[in-house]
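Engineer: Need coordinates for the below:
(4 chains, ligands or ions: 4)
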Amino acid sequence: MSARRASRTSRTDPAAEHRRDLLRTMVLIRRFEETCAELYSAGRIRGFLHLYVGEEAVATGVMSALEPDETVVTTYREHGHALAKGVTAEPLMAEMFGKVTGCSRGRGGSMHVFDRDTHFLGGNAVVAGGIPLAVGVALADRMQGRDRVTACFFGDGAFAEGELHESLNLAALWRLPVLLCCENNLYAMGTALVKEHAQTDLALRASSYGVRSWAVDGMDVLAVEEAARRAVDEIRGGAGPHFLELRTYRFRAHSMYDADRYRDKAEIERWKERDPIDALAARLDADGVLGEAARSAIEADVAAELERAVAAAAEAPEEPVSDLLRFVHSEEPA
Amino acid sequence: MSARRASRTSRTDPAAEHRRDLLRTMVLIRRFEETCAELYSAGRIRGFLHLYVGEEAVATGVMSALEPDETVVTTYREHGHALAKGVTAEPLMAEMFGKVTGCSRGRGGSMHVFDRDTHFLGGNAVVAGGIPLAVGVALADRMQGRDRVTACFFGDGAFAEGELHESLNLAALWRLPVLLCCENNLYAMGTALVKEHAQTDLALRASSYGVRSWAVDGMDVLAVEEAARRAVDEIRGGAGPHFLELRTYRFRAHSMYDADRYRDKAEIERWKERDPIDALAARLDADGVLGEAARSAIEADVAAELERAVAAAAEAPEEPVSDLLRFVHSEEPA
Amino acid sequence: MTTTTPTTTPTTGTPTGTVETTYREALREGLRDALRGDDRVFLMGEDVGSYGGCFGVSLGLLEEFGPERVRDTPLSESAFVGAGIGAAVAGMRPVVEVMTVNFSLLALDQIMNNAATLLHMSGGQFAVPLVIRMTTGGGRQLAAQHSHSLEGWYAHIPGLKVVAPATLEDARGMLAAALADPDPVLLFEHGSLYNTKGTLPAEPAPVDIAHAAVRRSGTDVTVLAYGGMLPRALAAADDLASAGISAEVVDLRVLRPLDEAAVLASVRRTHRAVVVDEGWRSGSLAAEVAARIAEQAFYDLDAPVARVCTAEVPLPYAHQLEDAALPSAETIAAAARSCFGGGHG
Amino acid sequence: MTTTTPTTTPTTGTPTGTVETTYREALREGLRDALRGDDRVFLMGEDVGSYGGCFGVSLGLLEEFGPERVRDTPLSESAFVGAGIGAAVAGMRPVVEVMTVNFSLLALDQIMNNAATLLHMSGGQFAVPLVIRMTTGGGRQLAAQHSHSLEGWYAHIPGLKVVAPATLEDARGMLAAALADPDPVLLFEHGSLYNTKGTLPAEPAPVDIAHAAVRRSGTDVTVLAYGGMLPRALAAADDLASAGISAEVVDLRVLRPLDEAAVLASVRRTHRAVVVDEGWRSGSLAAEVAARIAEQAFYDLDAPVARVCTAEVPLPYAHQLEDAALPSAETIAAAARSCFGGGHG
Ligand SMILES: Cc1ncc(C[n+]2csc(CCOP(=O)(O)OP(=O)(O)O)c2C)c(N)n1
Ligand SMILES: Cc1ncc(C[n+]2csc(CCOP(=O)(O)OP(=O)(O)O)c2C)c(N)n1
Ligand SMILES: [Mg+2]
Ligand SMILES: [Mg+2]
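Structural biologist: Residues are numbered from 1 along each chain as shown, chains lettered A, B, ... in the order given. Ligands and ions are numbered 1, 2, ... in the order given. From the prediction side, this is the model:
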């Protein structure tokens, strides 16, 4: 995103252009996933598929505060993070199809998107399991004198895992440059926040580790971006880890397997009224910097991009079975 | 202890008598462990041996607030807890010797003291590993309608483990009757508190889970007892788990293997001035309810008890090797 | 001591006293029977309640038994497994569900260092009558963090019993037997079996968790399998039959302690053995079974024991790679045939 | 790529260019060489710094290399092992110490689901050049939560290398080889070996972590062992020699991938094999070794492969029980003798 942003800010109103870019990213994520849902129903994507629909503002806003060479570690619900970080739709879609042109060569699938070029370190499907990795990347950056921030995403459910606690303490103790982004979408699968946590103010709890923490409206991409920038600036300035609790909601079920029996339909509808894409579009409209035509152009552009991605993925070759045992060990020395 | 207390409160001044009992318990723990240290040096106790010297007020004060049928779960540094809970010196010493008359039949040793009669559930040597057990016992009590409190002991080091976090949340979420006693002796082996935790106010951190928490002077047995009683009363009243941070210090090295290179001798000396036994004795003296003779009597009584325990342990038989495979599975049906 | 009242609510009654059911529903019936029959039994784990279990096994049980006995937990594998151990010690009969064996690594310290060890370490004082259920296995394109078969590790731990239902009977009946055991029992459900359909007697028959079961008799070669590999072993036996090889298929069922007598008895009859195991080959449970056969039936063997295991690779998402990594009816049959090919002997 | 400068600070110089040392000191020299030779190397774990390592291995390194490179961690096995993985991915060469294999269960999710898996799951993009050291084994009356030998479990995991130094040479040299490996390597030190004394050449010789080593040549029976069991296997060989049996003792050294060629070559010469393993028998690494021999050298064997493992019991504190549970020179020798006793064959 940063790269794209940079290439476009030469136009007349850089701020407006930037906000349109944010909108485009969110639309790309939304449409990408809607396409995935269809392809899943058609049996062309398999395994587990967790959609981010409704939460796009979180990944989009945070990534906007990161540099291209800064690492992101995230979960199985990561298509949005990948696209926002700059992984393009084509290798991402190919990964969904399990093709060798996929960003993880088809070995990872939806839950394990990896991309070295954009410093995208997964795609971790053990809840909370990615957090220590992010702490380690931050440690390496610090030890090697690189001025980088590593961002890590995880859910409200992950906050209950021991690894979260250990990692928060370690990051705070060593004042490591890591931005911990807790996507609080109020559910861990079918378990509501109040059934996961005795004390549900997660930002407050994170602050008890000596980590600066804020709760942020995760449906407002500009608010997310602003909070992330502020946190990243402070981290770059040496203030140690920061924690953002991003209050958001998933509009769809936990995964394609989930019948979503545990949520009140009215609750879902209420949250849909706060759709982050509609909200930003309305704001841009109000500011006179979007309009019907521009929005249609974004949609058309995204649709074309996805069409190409799907076509390419469909045609791409499968990895030959004779290569099964590759990548268990490195093919080159250290 | 409760039983012993009950049997003695018939004398003239029950409060004084009770405080003398607390003193006796602390002296018993101290002398028991000094004896162990000698026996270890003589090669008659083996394995790891972790002494509680300096911390006696913690176990003694907390146990005093518990009923005989209430469960205690603790760590490898548990001789004091066992003695205070009512395990007698004889089977405890036999356990140190690895004899079949030991409370764990010699299979546990110093780190794994268990005693069903006194509801003493170990002796857990994986740091923080006992905490979930205590939560589970409390859960069973609640589900079976038993009005009991389970007490769990662990160190400042254990607070960094994921299991602490998961257990605190679970206990708080389900409002379970468990008393979490964190023995903050400022070190986890050779690692000082400030190198273990970014935020060292452990009671404050525990409170962020929605658990009522207090920091208590762990060198003052009466303060510990009072805090424990207050917590236990509230827990019995249905207030859910409570957390006590008991600020204490170990006068000796982490274990008999430890050369104690990492602590400042002056720091150790400063803490020794706050010896919990001397402190209580001085107070009882000042209140005119102890005196030289009474204290000597306690010492003599304890010495005799330990002499008997050592003699019995020395003479007790070893378990025959032919029984090696016993107790891997139960010998009776459920 | 645990008395399980026979259920009278079969999924679909049939005139002949049998019911049409699935592996999933059979497991659910087992849970329902256990919850009905013993107040001390409760089910606890992530999403066992409102969600109905991540694979739908416990659907409806929350409504029937309420949130105290069908207990949703936070994502805290170590704490809730440990709490199950504590509750078992204190008189309950918990059934703890860990979603998959992959995540059970987060609770392995509790399982190994407490559940399996407390009784012994305490010199026989504290038993742990706990059942832990989890899903194992691959074949559903769930990739490298959701597909592994680690039950062999658990089968290494003294103090545990480990069982793996492969049939509807076992899916329904093993839980009662596990709960009747005074010590911890791990029950591994295979993810690819949940939708398996079949019929069961309306009245649940008691199932034993001490013995392997011969699922198909044969004379020429013994194929040993369990869980998700049993259907593949049976398919291989069909295939072998059409090539004139009579394969006996033994369902190990109990992974610890192994029913060595049954294994050896079959191999001593057939003189050839193929061990099928979805775990990775090196250090697999199949290695143990093969080693025992080679140790104790060495002079009865007409060919080396063959093993068919999963390729030594974290399971990939791509279907063709995953398929190639897992044992199949074809690779099992080929291994069996290879027992007849040798020029030595 | 990792260049390790040969150390020039032997513990005690001797005229002949050798030094008197111990297993512990040899490990420390290996660490010191690694820290000196490569800025990317750092040591991290509980009490590796001020305390000097729970078994004294890293004593003095904090003073020499400072707290950034000899890094005490909180008690958080999962987080600091995971952080080691992340740091390795990001260009460092971490050496993470987990005090004992028993506690490593708390980090097993990270080791299995991340360290071993990232490279594959990412289609070759993210390698994890990490070394994890830990102590294993019993024999010191540390009872059931500090004494187990679980390295066989790690040897089951594709994507890892697993090594176990039994000699002073290997104690000093294996770390450099492990750090030169682009992928995760686990190094198991045996708790009973730390005080082993001996001499080493002053100049460290490179050690390979691909091959087993014949520690004693023999012609009648192959005894396979590693780590803490090697001295017992060698003692058994002495004992057997006096009874006229020539035992070859092979030190497996590398538990994953097994040096199958070396194992088979020896067994094909001696026609008899005893596998010694401190793990519990069922599902032990010994089962894998025995299975491979029986699979691939079946027609070369004059007797079934024998295994000598630890009794299937959580290790007890009492010395006589612990001794009885562990393999000993006597039980190893007896197993070897039993290979000659059979009336069959
Ligand atoms: C350790 C572990 N336990 C359980 C699961 C199964 N699981 C996958 S996602 C999930 C819920 C996670 O909730 P949350 O962290 O809030 O993230 P969200 O899915 O809401 O984005 C669960 C229980 C898992 N993948 N890993
Ligand atoms: C999980 C685990 N990691 C490491 C150890 C080794 N160890 C034993 S005691 C100890 C320090 C514990 O410190 P703390 O919790 O403060 O208790 P204290 O010994 O001070 O009473 C360590 C690191 C262990 N037993 N378990
Ligand atoms: Mg969530
Ligand atoms: Mg401490």
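
Engineer: any chance you could map the helices in the stretch 1-150 of chain C?
Structural biologist: Taking DSSP state H, counting those that start in this stretch, the helices of the stretch 1-150 of chain C run over residues C:23-37, C:61-65, C:77-89, C:108-109, C:118-121.

Engineer: a markdown table please, covering those helices and showing distance to A:I298 and mean neighbour count.
Structural biologist: Just so you know, the C-beta spots here come from the backbone N, C-alpha and C atoms, and that holds for glycine as well. Output for the helices of the stretch 1-150 of chain C, formatted as a markdown table (distance: least, Cβ to Cβ, whole Å; neighbours: other Cβ atoms under 10 Å in any protein chain shown):
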| stretch | distance to A:I298 | mean neighbour count |
| --- | --- | --- |
| helix C:23-37 | 44 | 23 |
| helix C:61-65 | 44 | 17 |
| helix C:77-89 | 43 | 31 |
| helix C:108-109 | 49 | 26 |
| helix C:118-121 | 62 | 30 |
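
Engineer: between the ones you listed, which gets nearest to ligand 3?
Structural biologist: Nearest to ligand 3 among the helices of the stretch 1-150 of chain C is helix C:77-89 (16.8 Å), distances taken as Cβ to the ion.

Engineer: near chain B, anything from that closest one?
Structural biologist: Yes - applying Cβ under 8 Å from any Cβ of the partner chain, one finds that helix C:77-89 is in contact with chain B at C:78-89.

Engineer: With respect to D:N195, which of the helices of the stretch 1-150 of chain C lies nearest?
Structural biologist: Comparing the helices of the stretch 1-150 of chain C against D:N195 with Cβ to Cβ, the closest turns out to be helix C:118-121 (27.1 Å).

Engineer: Can you give me the pLDDT of the residue in chain C that ligand 2 sits nearest to?
Structural biologist: Residue of chain C nearest ligand 2, by Cβ to the nearest ligand atom: C:D109 (7.4 Å). pLDDT, C:D109: 98.

Engineer: Where does the stretch 151-300 of chain C get nearest to chain A, residue-wise?
Structural biologist: Ranking the residues of the stretch 151-300 of chain C by distance to chain A (Cβ to the nearest Cβ) places C:W280 first, at 10.4 Å.

Engineer: Give the bridge partners for that residue, please.
Structural biologist: C:T310 (DSSP bridges).

Engineer: Distance of it relative to C:G137?
Structural biologist: 13 Å (Cβ to Cβ, to the nearest Å).

Engineer: Neighbour count: those two, which is higher?
Structural biologist: Using other Cβ atoms under 10 Å in any protein chain shown as the criterion, C:W280 and C:G137 rank with C:G137 on top: 29 against 23.

Engineer: shouldn't the more buried one be in contact with C:P231?
Structural biologist: No - C:G137 lies out of contact with C:P231 (Cβ atoms under 8 Å); the separation is 11.8 Å.

Engineer: For the closest residue to A:H242 other than its chain neighbours, give me its contacts.
Structural biologist: The shortest distance from A:H242 to any non-neighbouring residue, by Cβ to Cβ, 6 or more residues apart in numbering or on different chains, is to A:A231 (3.9 Å). Residues counted as contacts of A:A231 (Cβ atoms under 8 Å, 6 or more residues apart in numbering or on different chains) are A:65, A:179, A:212, A:214, A:242, A:244.

Engineer: Return a PyMOL selection command for the buried portion of these.
Structural biologist: To isolate the buried ones among the contacts of A:A231 in PyMOL, judged by 16 or more other Cβ atoms under 10 Å in any protein chain shown, type:
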select buried, chain A and resi 65+179+212+214+242+244
